[in-house]
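Engineer: This is a predicted model, with the sequence first.
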Amino acid sequence: MRHVLLAFLITLFVLASASAQTQGLDALVSHALKFAQQQARQTVSEINDSTKFARSTMPDGSWKTTAAQEWTSGFFPGCLWYLHENTKDPFFKQAAKRWTTGMAQEQFDTGTHDLGFKIFDSYGNGYRLYPSDEYKKVILQAAQTLSKRFNPIVGCIKSWDNRRWAYPVIIDNMMNLELLFWSAENGGSKRLREIGIKHAETTMKNHFRPDGSAYHVLGYDTTDGTVIVRNTHQGYADESVWARGQAWAIYGFTLTYRFTHDKRFLQTAQRAADYFIGHLPSDHVPYWDIMAPEIPNEPRDVSAAAITASALFELSKYTESKPKKAGYLGTAKKILRSLCSAPYLAEGTNSHAVLNHAVGSKPAQSEVDVSIIYADYYFIQAMLRYQKLGK
Ligand code: GLY
């Protein structure tokens, strides 16, 4: 009996995999979005406390939550806003508002560079869908708070406090510029834009190798702005390429071009994207570090894949060269296709999230090969961007 059941399950799995391979991407994306809705509904009732934010999954598949202070807190309300945009279902709006309000205090947090992630993914998405003075005030305050971490001698916003570097700047920090650029265009000080541009220029100059790959952490000298060290924190080695860092670089410089129309930033995004695409394995989901020593026996990182897919949909719009544009669009679709299918889509597994196989920090052995909320956030965003193509 057991053998019959096993054979039946294997047949089902093979049929499901075969159908995923032949199904059109539209159908795969609609299916994955329905699955995301289902998982998010369950997460809302599982957590049911707007001071707790889904972060990553535990071995039994349930969510480990964090407080609003953590850098990842904005992603759960962000997912809920995107799902509301996708479905117009008031359930998601009500839940999104609950968890967004749970983050209000973060607008004043001067101890982090991650205010863009926190406030723009929660309040920013809420404002995009339902503009209100209440939300705008929070966003503008957060931008003002973030600007306090800018040092004009270095020309960058400081990433972390109390670490081994006196003035660390990480490539991830490019993502927080969206909050500054948007705020400068929507009633905030014009200085916020100047800070964003200066940070991007400094990062463009110092953070990249000649082949377009990005370093993770730079330690700066605050007396003259020179780079003291180029290190990694979450990658395999200082001279390796941490996949999510490279994804942040692509996304960060693409959004910087969106606000500035400065071709130097577009070229930086393209060079970072070309490097990333040129090093993807055959299913288009990168290993956690592009140079991880045991490839192919290393964990994948769906978060780097999802961030990049979403960025490439946008980057393709700004790219004039027809073959390059088609290349970015084609890769974004290939990544989505993989993420919408086994083994990455968490359907049929114990995970309460949307995607499986993300890595938080392999060197710290923290959140290795689990589901992580920011992978879900950029996956849902990428699917919505896909559905809007040509509209
Ligand atoms: N910004 C932290 C990370 O990407 O893990």
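Structural biologist: Received the coordinates, thanks.
Engineer: I'd say M383 and F35 touch.
Structural biologist: No. If you go by CB atoms under 8 Å, M383 and F35 don't touch, sitting 10.7 Å apart. Every C-beta, even on glycine, is put in place using the N, C-alpha and C of the backbone.
Engineer: Which one's more surrounded, the two?
Structural biologist: Neighbours per residue, other CB atoms under 10 Å: of M383 and F35, the larger number sits with M383, 27 against 16.
Engineer: Not counting its neighbours along the chain, what's nearest the more buried one?
Structural biologist: Of all residues not flanking M383 in the chain, V29 sits nearest, at 4.9 Å (CB to CB, 6 or more residues apart in numbering).
Engineer: How about the contacts made by the closest residue to the ligand within the stretch 1-150 of the chain?
Structural biologist: Per CB to the nearest ligand atom, W71 is where the stretch 1-150 of the chain lies closest to the ligand, at 5.9 Å. Contact analysis of W71 by CB atoms under 8 Å, 6 or more residues apart in numbering lists 112, 114, 117-118.
Engineer: pLDDT wise, what is it at?
Structural biologist: You'll see W71 listed with a pLDDT of 98.
Engineer: Then Y236?
Structural biologist: Listed pLDDT for Y236 reads 98.
Engineer: give me the number of residues near it?
Structural biologist: 21.
Engineer: Same question for D221.
Structural biologist: Applying other CB under 10 Å, we find 14 residues neighbouring D221.
Engineer: Find the pair from the contacts of W71 with maximum spatial separation.
Structural biologist: T112 and F117 (9.0 Å; CB to CB).
Engineer: Between the two, point out the one with more neighbours.
Structural biologist: A direct count of neighbours by other CB under 10 Å for T112 and F117 places F117 higher, at 25 against 21.
Engineer: For the ligand, see how far away A311 is.
Structural biologist: Noted for A311: a distance of 14 Å to the ligand, by CB to the nearest ligand atom, to the nearest Å.
Engineer: does that residue belong to a helix or a strand, and which?
Structural biologist: In this assignment (DSSP states H and E), A311 forms part of helix 302-318.
Engineer: Now that helix - C-alpha only, PDB.
Structural biologist: What follows is helix 302-318, C-alpha atoms only, in PDB (Å, rounded to 0.1, in the frame of the first residue of the first chain):
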ATOM      1  CA  VAL A 302      15.900  33.100  -3.800                       C
ATOM      2  CA  SER A 303      16.000  36.600  -2.300                       C
ATOM      3  CA  ALA A 304      18.800  37.600  -4.600                       C
ATOM      4  CA  ALA A 305      16.900  36.100  -7.500                       C
ATOM      5  CA  ALA A 306      13.600  37.900  -6.600                       C
ATOM      6  CA  ILE A 307      15.300  41.300  -6.000                       C
ATOM      7  CA  THR A 308      17.100  41.000  -9.400                       C
ATOM      8  CA  ALA A 309      14.000  39.900 -11.300                       C
ATOM      9  CA  SER A 310      12.100  42.900 -10.000                       C
ATOM     10  CA  ALA A 311      15.000  45.200 -10.800                       C
ATOM     11  CA  LEU A 312      15.500  43.800 -14.300                       C
ATOM     12  CA  PHE A 313      11.900  44.500 -15.200                       C
ATOM     13  CA  GLU A 314      12.500  48.100 -14.400                       C
ATOM     14  CA  LEU A 315      16.000  48.200 -15.900                       C
ATOM     15  CA  SER A 316      14.800  46.800 -19.200                       C
ATOM     16  CA  LYS A 317      12.400  49.800 -19.600                       C
ATOM     17  CA  TYR A 318      15.400  52.300 -19.400                       C
END
